[in-house]
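Peer 1: Here is a sequence with its predicted model. Questions after.
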Amino acid sequence: MNDNLERFIKSHRAELDDKSPRKDLWNDIEKEINPKRINKHDSVTSFYWKAAAVILLLISSWLAFDKMYSPSIETSVADLEEISPEMEEAETYYVSLIDQKRDEIKRLSVEYSLGDGFLNDIDKLDSMYTVLKQDMKYGNEDEISDAMIMNLQIRIEILNQQLNIIQSIKDSQRDEKAIL
């Protein structure tokens, strides 16, 4: 079969050599091999990413500008002893309870590899308490002190619930070890 092909090419060589391909043949071949695929989903996704980047840039710029050019506000915390001695006493009691429970949760979280998620809510309530404490020197002392005490009580309740959850995890791990 190879001999027949070779003979055919040799005998028709002149006919084959006088033909030349058209000039845009390679461009057509390239288009067939690598067709450009325009995926509408990709272009829409790209648009959203660009829009998100622009929004992030605008927000970051605004926050930086606001931080640099806004007048600095002194956020000194009111001294509770001067404003309300009773509130100072209540705060001391509740904060000591909260600190004990927080330390116990931290210890148990490390011991049972539970992560840091248990104290996230308490941290948020801490920052809210700080704001209330700052507002106490400007507003209605009775309402704010009630809100502060409620905040402290809620924190203690959350910590108690978290300790109960950790205790149930501890019990279930102990039960698993007993079964194995």
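Peer 2: Yes, it's here. These figures come from a predicted structure and were not determined experimentally. Numbers count the residues shown, from 1 in each chain.

Peer 1: rest of the way, CA atoms for contacts and neighbours
Peer 2: OK.

Peer 1: buried set for the longest helix anywhere in the chain?
Peer 2: Ranked by residue count under DSSP state H, the longest helix found in the chain is helix 141-179. Applying a neighbour-count criterion of 16 or more other CA atoms under 10 Å, one finds 141, 144-145, 148-149, 151-152, 155-156, 158-160, 162-163, 166 buried in helix 141-179.

Peer 1: what's it packed up against?
Peer 2: Where contact means 3 or more CA pairs under 8 Å, 6 or more residues apart in numbering; DSSP states H and E, helix 141-179 is packed against helix 85-111, helix 120-135.

Peer 1: just checking, Tyr129 touches Ile149?
Peer 2: No. Counting by CA atoms under 8 Å, Tyr129 does not reach Ile149; the two are 9.2 Å apart.

Peer 1: returning to what we had before: could the helices and strands packed on helix 141-179 go into CSV alongside mean neighbour count?
Peer 2: Formatted as CSV, the helices and strands packed on helix 141-179 follow (neighbours: other CA atoms under 10 Å):
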stretch, mean neighbour count
helix 85-111, 15
helix 120-135, 15
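
Peer 1: Quick one: closest of those helices to Asp24.
Peer 2: Taking CA to CA as the measure, the helices and strands packed on helix 141-179 were each checked against Asp24, and helix 120-135 came out nearest at 66.6 Å.

Peer 1: could you give me the average pLDDT of the closest one?
Peer 2: Per-residue confidence for helix 120-135 averages out to 78 on the pLDDT scale.

Peer 1: just the angle between it and helix 85-111, please?
Peer 2: Regarding helix 120-135 and helix 85-111, their directions subtend 160 degrees when assessed with axes from the mean of the first three to the mean of the last three CA atoms, to 10 degrees.
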